[in-house]
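**Q** let me see the structure of the following:
(chains A and B)
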Amino acid sequence: MAEEDWLGVEAAVSASEDEGAEEDGERRHQQLLEAVSSLSGQKRRKLAERTEASVQVSEFNVSCKGAGEKLVLSELLQPIKAKSALSSVKKELNRVKQKKAVELPLSKEEAERVVREAAYVRTSKDVGKWQQVVLQNRRAEQLVFPMKQELVAVAPLEQVVSAWKARTPLEQEIFGLLHKTQQPITDPLLTPQEKASLQAMSLEEARRRRAELQKARVLQSYYEAKARREKKIKSKKYHRVLKKSKKRKALKEFELLRKSDPEAALAKLEELEQLRMEERMSLKHQNKGKWARSRAIMAKYDLEARKAMQEQLAKNKELMQKVRVELPEEEPGDVPAEDLVSESVPAVPVDASGANPWMLGKPSSPAKEPEVQEDLGDVTEPAVAESKEEMSEEEMSEEEALLQDFEQKRHVRRQQAASPELQGADMTEVVSELPEDVSVDPICTEEQVSVGIEQPSQAQEELLLLEQPSCVQTMEDIEALASEERADEQETPVATGTEKRVHQQEQGRAEDRQAKKPKAKKTIISLQAVLAGKSQEIQCPSLPVAVEEEEGGFDQRGVITEAFAGDDVVADFRREKRKAEQAGKPQPVNLVLPGWGEWGGTGLRPSKKKMKRFLLKPPPAPPRKDQHLPHVIMSEQRNIHAAAHQVSELPFPFEKHQQFERSIRTPVGPTWNTQRAFQKLTAPRVVTRAGHIIQPISAENVPSLAAAASSGAKAALELAPKRREQPSCPPCPRKRAR
Amino acid sequence: MCGGGGQPAGRMRVKVLSRNPDDYVRETKLDLQRVPRNYDPVLHPFEVPREYTRALNATKLERVFAKPFLSSLDGHRDGVNCMAKHPKSLSTVLSGACDGEVKIWNLTKRQCIRTLQAHEGFVRGICARFCGTSFFTVGDDKTVKQWKMESPEYGEEEEPIHTILGKTVYTGIDHHWKEAVFATCGHQVDIWDEQRTSPMCSLTWGFDSISSVKFNPIETYLLGSCASDRNIVLYDMRQSTPLKKVILKMRTNTLCWNPMEAFIFTAANEDYNLYSFDMRFLASPVMVHMDHVSAVLDVDYSPTGKEFVSASFDKSIRIFPVDKGHSREIYHTKRMQHVITVKWTSDNKYILCGSDEMNIRLWKANASEKLGVLTPREKAAMNYNQKLKEKFQYHPQIKRIARHRHLPKSIFCQVKEQRIMKEARRRKEQNRRKHSKPGSVPFVSEKKKHIVAVVK
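**A** From the prediction side, this is the model:
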């Protein structure tokens, strides 16, 4: 602009010089100027043209429009900017223009202070990035330390050892010894001897051997446990049975021995004989026992007792009789063997009423066994097809059966409580065997004849059995009597029982022990048992007992009411409540002063008027809270004893007492909460692991900070919003740890 | 039993329990036993009183089982002046005594495993390198020594790896948490490179002896120091310049940074108090912890950053929660004298304190805690009891029992005395306020009272 001005002025001057002469030339000059100015690209200031008469018109065609403007030097200098020759001048001028007074330098302290302040601001900002993390950790429900799980690497032994050298004399000596024994220090870690020994016993062999040993140990422990258990059993009956079974076993062994080695058998027989004699000589049935003595005293007065005594004496006599053992006629098989035994017992016919087992004679002979088998076969037993081994097993099972009997009894007793139906079925099964046994009758007698030594025991067994079915029957009786359909009920179980037996037949010998149970029973139960059992059961039906019990139940109620006859709890409570109500009512205040304003003295009462005036009636109390609760007394008095345990002021962090009450009201214990809720409610604030070092928190552990650190220095400003964006993943250690 | 009325006589009813095995039989033996529970609140009434009773019992039991003292490590022949934790091994701890002896202890065996004569005169400071292979000691003999952590091999001499001879006595040392740099204090704070014998930079601000210097464990370039002219100074290692100084009424003996909160540190002061500061706002402490009755000599944070332990001249150590003004626990024994140094082990379980009478004592951090492995049921019961105690902590009886401690007579009397003094001071101020122009005696909060000035 200034350039144009300048040129413009020039042009104007020239134009004014040759005014009128060359108008044409002037116009051309004007055009030239325009062209030049257009080249420079800047808009040319239009010259003021004279359009009207004015006072301030100069003769040189210079308008005074910009007269007030100052001429600035820089504007004048601008056109010469590009020219290098003038640049130095321009610089000089600039310097002159910018000249200012230099400030005084800061003192050292102040300079340091400035530096410190800047550093402090920066450091505070750096540290401030932890603010959010810290707040979150403070507020966190649970913190788990250590935050970062460290992996434990175990260095192999060889590596550790290889770095180590023996230095002390002791160590060197030890190493020397180790070398002598060719103890390898490094890799294989096995001496040649060890290797050899390892090779000597293969793995399989070792395993087998170990298994054997294990088995042996297990068996041993099992037997020990069994023996201990058996030893603990207190039942006399059980021990008797056990003894008997042992005896029988010995007998069987003896039979075998007789076949193989007669000499030894003879010796053994004598021993057995001796034993039998001892048994006979025992004082069991003499009048020496406690019971016997008591009977003796009672015998004078009591017919029953006398009878019992006589019975016992008779038994004693029988027992003390000399026994002659004789071969039974049915067993012609082994006469020589029987002859060896000096005594022989005549075959005594068995009478069901009072069988003396001692009189029944000889131990069983092997020849009898096949017969028994035959007999069993005749009766179409399920065991028809069973071999001899099976039979011996059956014999053995006699004891088992007895043992099982014990168990069964117990079982039955338990079942009585559990399920009457089941028990009924079970019982009937037992009973159902009885009719069959009736058919077996002759065999049984035969058996009894032939069994000999076994007899006494069997007799006892029978006694046992007498008890058992009777018991069973009574239980059944009860039901039968109750329903009055005895016949029906007995029939159906029998039917089920027979069905079961058929089923057993089908199953054959692969049956398990439980299935064998009825079979075993069959051998035991004889006609006598049946007969005796029946007679007993009929004699003593158990119904009255139940009836008595019922009566007892009625009685008890009466007894209770009688015992608490005087206590009327309800009335007492009502009285108590009335009393409480009375006590709760506000009492009138008596301000009457006797003798004041009237005559006073003994026997004189203040006047009614005065009373009316000075007896202050308080306002009625608010309605009681238990007004409509007949069974409740609510006392609103402050309990001092309870007050000692109550919070008197609102504790600090709470602002309203409702808040505090709410915090107390919710129970946290497992009594009121499910397991999961309980665990959640009682989770500890800080969890640490024993033996783990807790390192200080570091930026790598905190995801938000780690990201910020990686993004670089510019993150300082962005940090805050970033953290605000992701509050859902707090850098709380718990999340990091797991 | 039947009523007997209309029923046919003699029928006996046997009532039995019948349960569905599905309700109680496990499918496999690895399953949990089913314990049917009925959570109907009607069946479990009085929940608050019952829980209160449980809480009361738990509190009492806590007091019954509070037996914090575990063992005493004896072997030093002079007072224990400083201790250091091993950064990698929980069972190792180092201690320096006033006769220049340094001992390394095995805590599981409770035995000294190594003894070395490190300095002549006091061992003023001891610190382990972050990797746990070596440690540094400074002593009254104006030296800084670096030692190997392992005991010397057979035939080797017990010698430091490096020895730096300084011009002045060093009073404290601390190692950087991540780099091979350590800082000593004394006449000034020096920051050393492990490989050089002259300090990388020396930071000074004023001319008084500095008693302790500590690196920040989180922002590791930060340092804090306390000098005997009653001030606490913060430094930035990156810019090798001090940052700010706060002057308290009395001298600060030592300070400790919170390992979980980068900007929080706690200063143990001569005026029986501890002050927790936020380094960004030094004008007033975040919390004043007061309970000691004599100068506090040392402080150490628990590694969880929730509590700290302080050792005092009053022959006791106290445990403070960070956000509480009063201690939750005090440990003392008859034989323990002025406790000079204290450390909280890095598994947050134990506290070690070294005292004047040459012993280092091992305490449980939680006095009634059962040590050893807990069965899950024990753990659940423990958590439940803890929760109950927390829930009912404001109830007067529970508060009373939980707070009750037996104190040695000296401390007990001093506590009482100080209470009286404080009350007297308060009363005097009140009176002064009452009798002077309103506003002329301003209320000054407890936090501000102890700060003299903050110097930029």
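**Q** now the element after the helix or strand harbouring residue A:220, going C-ward?
**A** Assigned by DSSP states H and E, residue A:220 falls within helix A:203-232. Next in sequence after helix A:203-232, counting helices and strands by DSSP H and E, comes helix A:236-260.
**Q** OK, contacts around residue 181?
**A** You didn't say which chain, so I picked chain A. Residue A:181 makes contact with residue A:191, according to CB atoms under 8 Å, 6 or more residues apart in numbering or on different chains. No exception for glycine: its C-beta is placed from N, CA and C like everyone else's.
**Q** try chain B instead
**A** By CB under 8 Å, 6+ apart, the contact set of residue B:181 is B:175, B:191, B:192, B:193, B:194, B:200, B:237.
**Q** enumerate the residues of the stretch 251-400 of chain B near chain A.
**A** Proximity of the stretch 251-400 of chain B to chain A, by CB under 8 Å from any CB of the partner chain, involves residues B:259-264, B:279-280, B:303-306, B:323, B:346-349, B:373, B:380, B:383-384, B:386-388, B:391-392, B:394-397.
**Q** give me the buried entries from those residues.
**A** Buried by 16 or more other CB atoms under 10 Å in any protein chain shown: B:259-264, B:279-280, B:303-306, B:346-349, B:380, B:383-384, B:386-388, B:391-392, B:394-395, B:397, out of these.
**Q** among those, which ones are in helices?
**A** Mapping those onto helices (DSSP state H) picks out B:380, B:383, B:384, B:386, B:387, B:388, B:391, B:397.
**Q** columns pLDDT on top of the residues you listed, output as CSV?
**A** Shown next, in CSV, are those (pLDDT from 0 to 100):
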residue, pLDDT
B:380, 95
B:383, 96
B:384, 96
B:386, 95
B:387, 96
B:388, 96
B:391, 95
B:397, 94
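**Q** pick out the most distant pair among these.
**A** Within these, two members stand farthest from each other by CB to CB: B:380 and B:397, at 25.1 Å.
**Q** buried residues, the longest helix seen in chain B. List them.
**A** In chain B, assigned by DSSP H, the helix with the most residues is helix B:409-434. Applying a neighbour-count criterion of 16+ other CB under 10 Å, one finds B:411, B:414 buried in helix B:409-434.
**Q** kindly report the same for stretch A:291-300.
**A** Those would be A:292, A:295, A:299, for stretch A:291-300 by 16+ other CB under 10 Å.
**Q** pull out the buried residues from the contacts of residue B:181.
**A** B:175, B:191, B:192, B:194, B:237.
**Q** between the residues you listed, which is nearest chain A?
**A** Of all those, residue B:237 has the smallest distance to chain A: 10.2 Å, by CB to the nearest CB.
**Q** isn't the closest one up against residue B:219?
**A** No: counting by CB atoms under 8 Å, residue B:237 sits too far from residue B:219 to count as a contact (9.9 Å).
**Q** show me the contacts for the residue of the stretch 51-200 of chain B found nearest chain A.
**A** Per CB to the nearest CB, residue B:154 is where the stretch 51-200 of chain B lies closest to chain A, at 3.8 Å. Going by CB under 8 Å, 6+ apart, residue B:154 touches A:167, A:168, A:171.
**Q** 10 Å - rerun?
**A** Contact analysis of residue B:154 by CB atoms under 10 Å, 6 or more residues apart in numbering or on different chains lists A:165, A:166, A:167, A:168, A:169, A:170, A:171, A:172.
**Q** top of those residues by neighbour count?
**A** Using other CB atoms under 10 Å in any protein chain shown as the neighbour criterion, residue A:166 leads the contacts of residue B:154 with 15 neighbours.
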